[in-house]
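> A structural model of the following input is requested.
(2 chains)
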Amino acid sequence: MDTSQLLKGVLDLAVLAVLRDEDGYGYDVVRRLRNAGLTEVGDASVYGTLRRLYHAGALTTYVVPSEEGPHRKYYSLNGTGRDLLRRSAKTWREFAGVLTELVDTATKEAA
Amino acid sequence: MTTTRRTAHPAVATYVAAVRDELGDLPPDELAEITEDVRDHLDHVAAEYGDDVTVGTLIDRLGAPAAYAAELRSAAGLPEPEPTPEPTRTGFVRSLLRLMVALFGWGAVGLGAVAFVDALFGLSGAPAIFAVPALVAAVVAVGAALLLVTGRDDPVAELRQVPTAPILAQVEEWVRSMPWGRPAIELVTSLRPAWWIARAVALGLVVALVTGSVPFGLVVFLGAVIGSVWLGRRTAAGEVRGRRLLAVQVANAALAIGGLVAVGSAASFAAGDHVQYVDGGYSYDYPGPGFYDQNGAQITNIFPYGADGTLLENVRLYDQDGRPIDLGWSEECYDGAYDEQSFAAANPWGTTSSRG
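Numbers count the residues shown, from 1 in each chain, chains lettered A, B, ... in the order given. Take a look at the predicted model:
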């Protein structure tokens, strides 16, 4: 099954999750997601998601100028973001539970 | 934000410019913000590769700029670009122009290739029979393309609608997917300075041909080299965009065609001289049977005159080997002058005879 198709639906949740404990800039968020095992996540998708979440009011941004490199636009979760993360996580756990059970049952019957 | 910042790597600038073009329909403020963010992001990505980063590297890592833009658009929930509505009255003309660009463009490429191979191996002996139609096709294709993009906000998008234009992008994609693709593309990219020089040579040739002055063409060439390299470096860095980029490309096409015409006319001039020489040799070296005066005009009859200035009759002339002289004329020789002719013969013995 194509992971990139699955990712589309849960990228919001994934981005919110990696920003829960620590603020991050775009490239940093991509790296954290990849390190977490979401290797197929696209840079443009992550940036687009950050931008959409920001405009939805779930994230705030601040810029940290850099002497040697490009400046960094950090994203951080605000109250709305934390609330969204909590609700999305709940929905995901329920959905994942149902699907896991469905898949496991089907596998047993097939075996 | 207008803080002083490090200039982005040329490859990053090129890639960002392409993404920016893809998102050109967005409101200017939003577009500027996205462009800035994407540039920052790409700077980070490019930093992984150091100074070796090329546009190819970025495409391998992030996908083509168009795909990047589409992914960004979809993930950020941005509106899809609206297809530019076309007035139906000019719709047919546009379709026709697009078809002409495709037909004549490919025609020029095909005929040009044939002419090139022909000239290289001397197959037909006259490459002009392919080169001239190729040139005409190229001129028509460029002309149609110019008419097509005149007054359009996004010339590049307009040209993408030309039939078979997507094939070029697919070919590039295919080449890139081959094991030899990336080295080949990098090789071609590294040859870009050679094209900058060739462009200046073309301009010098055209000027020399038009003015008929080789030194003047040389001066123009030297000046053009400086301008061409400067412009080439700016274009390669993605600093020339939109209409100005289009103007540069049109000038490139015009120069390529102009240079071809110049080389073609020089070649045909040389070929013309050659043919004339052979023609001349033919008429003098192989005069065919018969007698000729010093101007090369054929002598078809001979009238012998006696010492008293009268026309001798029943005379037979022989050559140095004792063979009767045959004038090689198919008509029967008359005993006298042609009835319908009259002439005055200057008598070698001092008197003049006139016959009517």
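> Got phi/psi on whatever residue of the stretch 101-250 of chain B ends up closest to chain A?
Residue nearest to chain A within the stretch 101-250 of chain B (C-beta to the nearest C-beta): B:Gly238, separated by 16.5 Å. C-beta: built from backbone N, CA, C; applies to glycine. Main-chain dihedrals, B:Gly238, degrees, to the nearest 10: phi 80, psi 20.
> which stretches of the chain have low pLDDT?
All of this refers to chain A. A:1, A:111 (pLDDT under 70).
> oops, I was thinking of chain B
Along chain B, segments meeting pLDDT under 70 span B:1-8, B:84-89, B:127, B:153, B:242-243, B:267-291, B:327-356.
> Show me it divided up by domain.
With domains defined by the TED database, chain B comprises B:10-76, B:89-271.
> okay, those domains, which one's buried deepest?
Ranked by mean neighbour count under mean count of other C-beta atoms under 10 Å in any protein chain shown, the domains of chain B are led by domain B:10-76, which reaches a mean of 18.
> Does that domain reach chain A?
Yes: against chain A, domain B:10-76 shows contacts by C-beta under 8 Å from any C-beta of the partner chain at B:34, B:37-41, B:43-45, B:47, B:61-63, B:67-69, B:71-76.
> Now, those that are in helices?
B:34, B:37-41, B:43-45, B:47, B:61-62, B:67-69, B:71-76 (DSSP state H).
> so what's the backbone phi/psi at the residue nearest to B:Phe104 when sequence neighbours are not counted?
Residue nearest to B:Phe104 in three dimensions, not counting chain neighbours: B:Ala141, with 3.8 Å by C-beta to C-beta, 6 or more residues apart in numbering or on different chains. Note on B:Ala141: backbone dihedrals following degrees, to the nearest 10 are phi -60, psi -50.
> which ones are touching the residue nearest to B:Arg316 when sequence neighbours are not counted?
In space, and not counting its chain neighbours, B:Arg316 is closest to B:Pro324: 6.1 Å by C-beta to C-beta, 6+ apart. B:Pro324 sits next to B:316-318 when contact means C-beta atoms under 8 Å, 6 or more residues apart in numbering or on different chains.
> will you turn the residues you listed into TSV that also has secondary structure?
Shown next, in TSV, are those (DSSP: H, G, I helix; E, B strand; the rest coil):
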residue	secondary structure
B:Arg316	coil
B:Leu317	coil
B:Tyr318	strand
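> any chance of the residues you listed in JSON lines, with neighbour count too?
Shown next, in JSON lines, are those (neighbours: other C-beta atoms under 10 Å in any protein chain shown):
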{"residue": "B:Arg316", "neighbour count": "7"}
{"residue": "B:Leu317", "neighbour count": "10"}
{"residue": "B:Tyr318", "neighbour count": "9"}
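> Closest to B:Pro155 out of those?
Closest to B:Pro155 out of the contacts of B:Pro324 is B:Leu317 (82.8 Å), distances taken as C-beta to C-beta.
> all strands for chain A, in order.
All strands of chain A, identified by DSSP state E, fall at A:24-25, A:59-64, A:72-77.
> try chain B
Going by DSSP E, chain B shows strands at B:291-292, B:298-299, B:344-346, B:352-354.
> Around chain B, which positions in chain A sit nearby?
So chain A meets chain B at A:11, A:25-27, A:42-49, A:51-52, A:63, A:65, A:68-73 (C-beta under 8 Å from any C-beta).
> Out of the residues you listed, list just those in helices.
Checking these against DSSP H, those in helices are A:11, A:26-27, A:43-49, A:51-52.
> Apply the buried test to the residues you listed and list what passes.
A:11, A:26-27, A:43-49, A:51-52 (16 or more other C-beta atoms under 10 Å in any protein chain shown).
> what's the farthest-apart pair in those residues?
A:Tyr27 and A:Arg52 (17.8 Å).
> who touches B:Leu42 in this structure?
Counting by C-beta under 8 Å, 6+ apart, B:Leu42 has contacts B:8, B:12, B:15-16, B:58, B:62.
> Specify which member of the residues you listed is nearest to chain A.
B:Leu62 (5.4 Å).
> How much space separates the closest one from B:Ala69?
11 Å (C-beta to C-beta, to the nearest Å).
> what does B:Val149 give?
From B:Val149 to B:Ala69 the distance is 21 Å (C-beta to C-beta).
> Please apply the same query to A:Ala17.
26 Å.
> Please apply the same query to A:Asp28.
22 Å.
> ok, now which ones touch the residue of chain B at minimum distance from chain A?
At 2.7 Å from chain A, B:Ala75 is the closest residue in chain B, using C-beta to the nearest C-beta. Applying C-beta under 8 Å, 6+ apart to B:Ala75 gives the contacts A:11, A:44-49, A:51-52.
> Endpoints of stretch B:203-218, how far apart?
From its first residue to its last, stretch B:203-218 covers 10 Å (C-alpha to C-alpha, to the nearest Å).
> Now do that stretch: everything it contacts.
Against stretch B:203-218 from outside (C-beta under 8 Å, 6+ apart): B:220-221, B:224, B:228, B:255, B:258-259, B:261-263, B:265-266.
> May I see those arranged in a markdown table, with distance to chain A as well?
Below are the contacts of stretch B:203-218 laid out as a markdown table (distance: C-beta to the nearest C-beta, whole Å):
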| residue | distance to chain A |
| --- | --- |
| B:Val220 | 42 |
| B:Phe221 | 41 |
| B:Ala224 | 37 |
| B:Ser228 | 32 |
| B:Leu255 | 37 |
| B:Gly258 | 42 |
| B:Gly259 | 41 |
| B:Val261 | 45 |
| B:Ala262 | 46 |
| B:Val263 | 46 |
| B:Ser265 | 51 |
| B:Ala266 | 51 |
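> Thanks a lot, see you next time.
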